[in-house]
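Visitor: predicted coordinates and the sequence they were generated for:
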Amino acid sequence: MKNRLTLVPRVSGTAYTLTLMALLLCGAAFAQEKPQRVTGKLPAKAICLICSTGGDSEAEKPAGAVTYKGKTYYFCNSGEIKKFLKDPEIYIPAVLPRPAPSFTLKTPSGDSISLESLKSKVILIDFWATWCKPCVAGMPDIQKIHEKYQSKGLIVLGISIDEDGTKKVSPFLTKSKTKFTYPILLDPTGATWKSWGVKIIPFVALVKDGQILAQWSGTPDPKAIEKAIVERL
């Protein structure tokens, strides 16, 4: 059996030095992926990252700032900074538009609805849970949006991420003071919200033609949602 030879090109001293420098720079770039607190002077006013995810774009006095992946993010209180430092990917704005993962889910009564069947429609999707107080508090606003724009072609879907949704959602809907007339779907395995990258609820997304065009998490501003809907209808 013949020996196999691997040919290695000769590298000059200059090329070796440049390669080594490139590797060191790459290493430095990866090291900078870790979020770092800003210790210098902050602007008098800035838009809080956490507040802006809920639709609030009003500038206010920042309590601190953090740099991450070459960008600086401002926060209105120290608690938000601690949460961001722990897991920044949860909070940084998503690149939009992005593909909307397909799903077929059932209502509490057993009817199935697929995202694919609504592909040509403008769809507002609200991920929520019965145990999530901000979700429950915001659902009447989603109902009002449904009533206001359904005649213009808007489809509203609520997706419960309750693990035992078959037992909890129906009683919740029955006892609710607000009568929700848009479809409520169940995601008991969590496969849908995970595929959508949902990290914080409530999470509301606007979808059309298989693309997520806008999204809000935390406590969305109904006016910001309506504005985005009107622009797409």
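Guide: Thanks, I have the structure now.

Visitor: I'd say residue 156 and residue 122 touch.
Guide: No. With contact defined as Cβ atoms under 8 Å, residue 156 does not reach residue 122; the gap is 9.9 Å. Glycine gets a C-beta too; all of them are placed from N, C-alpha and C.

Visitor: any common contacting residues for the two?
Guide: Shared contacts of residue 156 and residue 122, defined by Cβ atoms under 8 Å, 6 or more residues apart in numbering, are absent.

Visitor: what's around the closest residue to residue 46 other than its chain neighbours, how many residues?
Guide: Take residue 46 and drop its neighbours on the chain: the residue closest to it by Cβ to Cβ, 6 or more residues apart in numbering is residue 74, 3.8 Å away. Residues near residue 74, counting by other Cβ atoms under 10 Å, number 25.

Visitor: against residue 108, how distant is residue 74?
Guide: Going from residue 74 to residue 108 by Cβ to Cβ, to the nearest Å gives 42 Å.

Visitor: which residues touch the host helix or strand of residue 166?
Guide: Here residue 166 sits within helix 165-175, counting by DSSP states H and E. For helix 165-175, contacts defined as Cβ under 8 Å, 6+ apart pick out 108, 130, 160, 162, 180, 184, 186-188.

Visitor: rerun that using 7 Å as the cut-off
Guide: With contact meaning Cβ atoms under 7 Å, 6 or more residues apart in numbering, helix 165-175 is reached by 108, 130, 160, 162, 180, 184, 186, 188.

Visitor: likewise for stretch 65-83?
Guide: 33, 35-38, 42, 46-51, 60, 62-64, 84-85, 88, 92.

Visitor: write the ChimeraX selection for whichever of the residues you listed are buried.
Guide: Buried residues within the contacts of stretch 65-83, by 16 or more other Cβ atoms under 10 Å, are selected in ChimeraX with:
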select :35,46,48,49,50,51,62,64,84,88
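
Visitor: mind checking which of the contacts of stretch 65-83 land in strands?
Guide: 36-37, 64 (DSSP state E).
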